[in-house]
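Colleague: predicted coordinates and the sequence they were generated for:
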Amino acid sequence: FLEIENGDPKAFKEKIGSKHIIAGFFPIELLRSGTKKECTEKAGELIDILAPGGKYIFSWNKTPMGLGDAKPENISAVTKFVRERGVY
């Protein structure tokens, strides 16, 4: 199990995706400063790249430590989006 903060998700998937479970990549900074649409688009992009073939767990690149780290409406929108689209 590898939890990754930053990098090219496509490169990680190609190089180690068949051997390891990959998690992370979703930028917490986007949860703090982005719109709901930007956040769900990024979630969709990551699912499209990392979910095929399995071995992917959707998660943030860092853990939110306080209320100022992420907008609650963005967390809610992304969680709903991933629950609906992140099924394989």
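Modeller: Everything's here; your move.

Colleague: go through stretch 50-69 and flag the buried ones.
Modeller: Leu50, Ala51, Lys55, Tyr56, Phe58, Ser59, Trp60, Asn61, Lys62 (16 or more other C-beta atoms under 10 Å). C-beta: built from backbone N, CA, C; applies to glycine.

Colleague: quick one: low-confidence ranges for the chain?
Modeller: 88 (pLDDT under 70).

Colleague: chain neighbours aside, what residue packs nearest to the most centrally placed residue in it?
Modeller: Centroid-nearest residue in the chain: Phe26, 3.4 Å away (criterion: C-alpha atoms, centre = their mean). Excluding the flanking residues, the one nearest Phe26 by C-beta to C-beta, 6 or more residues apart in numbering is Trp60, at 5.0 Å.

Colleague: against Lys19, how distant is that neighbour?
Modeller: Using C-beta to C-beta, to the nearest Å, Trp60 is found at 23 Å from Lys19.

Colleague: then Gly7?
Modeller: 16 Å.

Colleague: doesn't Glu3 lie inside a strand?
Modeller: Yes - applying DSSP: H, G, I helix; E, B strand; the rest coil, one finds Glu3 inside a strand.

Colleague: tally of neighbours for it?
Modeller: Residues near Glu3, counting by other C-beta atoms under 10 Å, number 15.

Colleague: give the contact list for it.
Modeller: Neighbouring residues of Glu3 by C-beta atoms under 8 Å, 6 or more residues apart in numbering: Ala23, Gly24, Ser59.

Colleague: swap in Gly7?
Modeller: Phe25.

Colleague: does it count as helix, strand or coil?
Modeller: Gly7 ends up coil, using three-state DSSP.
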